[in-house]
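K.L.:
Predicted model, plus sequence, below.
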Amino acid sequence: MARYTGPKSKIARKFQEPIYGEDKYLEKKNYPPGQHGPDKKRRSKQSEYALQLRAKQIAKYTYGILEKQFANLFDKASRAKGITGEILLQYCELRLDNTVYRLGIAPTRAGARQLVSHRHITVNGKMVNIASYALKVGDVVSIREKSRGMSAIRESIANNATSYEWLQWNSDSLSGTYLNIPEREAIPENIEEGLIVELYSK
């Protein structure tokens, strides 16, 4: 399973965004890696291309998608009816690993990918171990029966205090239902999808 495995704090500092969640190093060192303190002489104005590339990289790192996969998602979104940037983010949200994370079964998307790849997750009662599996409205994501006693899963669910309007969690069956495809304003990530569309449209 291809994924980014490098230092996460460096990525967060590079983009000045808590891409992987709360990060004490980002709070302490609120300047890009490779610098010994903020560089006030550093050119503050970025080119149009740099801004577009930054937006794409933030989206890729946020959802844990590598370049080829992301390009394929954009190609699919560009051929669909509607606003390309919004559809792109919706496709990212429909990924199984992202949904496992949103439901609180895992505290991070990386953790969610691991649960999926290690066969701890089912979709509509069938085991699915493909992190990029695209869910559909009405699909039910559950924890495999044999995996429900795992302390990491139990702890993550117990500590999860976030809910999303397009997902419904059933604490009795330890399963979540995909109610609808989220509108852009409901997706909380700070991603400028319009810049991504501009980048790929060149």
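P.N.:
Perfect, I can see it now.
K.L.:
Got the domain ranges for this protein?
P.N.:
8-91+188-200, 95-180 (automatic domain parsing).
K.L.:
so can I have TSV of those showing mean pLDDT and mean neighbour count?
P.N.:
For every residue, glycine as well, the C-beta is placed using N, CA and C. As requested, those are exported to TSV (pLDDT from 0 to 100; neighbours: other CB atoms under 10 Å):
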stretch	mean pLDDT	mean neighbour count
domain 8-91+188-200	80	16
domain 95-180	97	17
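K.L.:
which residues touch the residue positioned nearest the centre of the chain?
P.N.:
The centroid of the chain falls nearest to Y63 when counting by CA atoms, centre = their mean (2.7 Å). By CB atoms under 8 Å, 6 or more residues apart in numbering, the contact set of Y63 is C92, R95, N98, R109.
K.L.:
10 Å - rerun?
P.N.:
By CB atoms under 10 Å, 6 or more residues apart in numbering, the residues touching Y63 are 19, 69-70, 73, 89, 91-93, 95, 97-98, 101, 109, 132, 189, 191.
K.L.:
Tell me which of these fall in helices.
P.N.:
Q69, F70, L73, L89, Y91, C92, E93, D97, N98, Y101, R109 (DSSP state H).
K.L.:
from those, which single one is nearest N159?
P.N.:
Closest approach to N159 among these (CB to CB): Y101, at 13.1 Å.
K.L.:
Would you check how far apart the closest residue to that closest one other than its chain neighbours and P182 are?
P.N.:
Among residues not flanking Y101 along the chain, A112 sits closest, at 4.1 Å (CB to CB, 6 or more residues apart in numbering). For A112, the distance to P182 equals 17 Å [CB to CB, to the nearest Å].
K.L.:
Same question for P107.
P.N.:
21 Å.
K.L.:
Repeat that for V141.
P.N.:
When V141 is compared with P182 (using CB to CB), they lie 15 Å apart.
K.L.:
Over to H118?
P.N.:
Taking CB to CB as the measure, H118 falls 27 Å from P182.
K.L.:
ok, now F74?
P.N.:
Using CB to CB, F74 is found at 18 Å from P182.
K.L.:
what do you get for V100?
P.N.:
Counting by CB to CB, the gap from V100 to P182 is 16 Å.
K.L.:
for V197, helix, strand, or coil?
P.N.:
Under DSSP: H, G, I helix; E, B strand; the rest coil, V197 falls in the helix class.
K.L.:
what's near enough to touch it?
P.N.:
Contact analysis of V197 by CB under 10 Å, 6+ apart lists Q52, A55, K56, F74, A77, S78, I83, T84, G85, E86, L88.
K.L.:
likewise L94?
P.N.:
L73, S132, Y133, A134, L135, K136, V137, D139, W166, Y178, I181, P182.
K.L.:
Many thanks, we can stop here.
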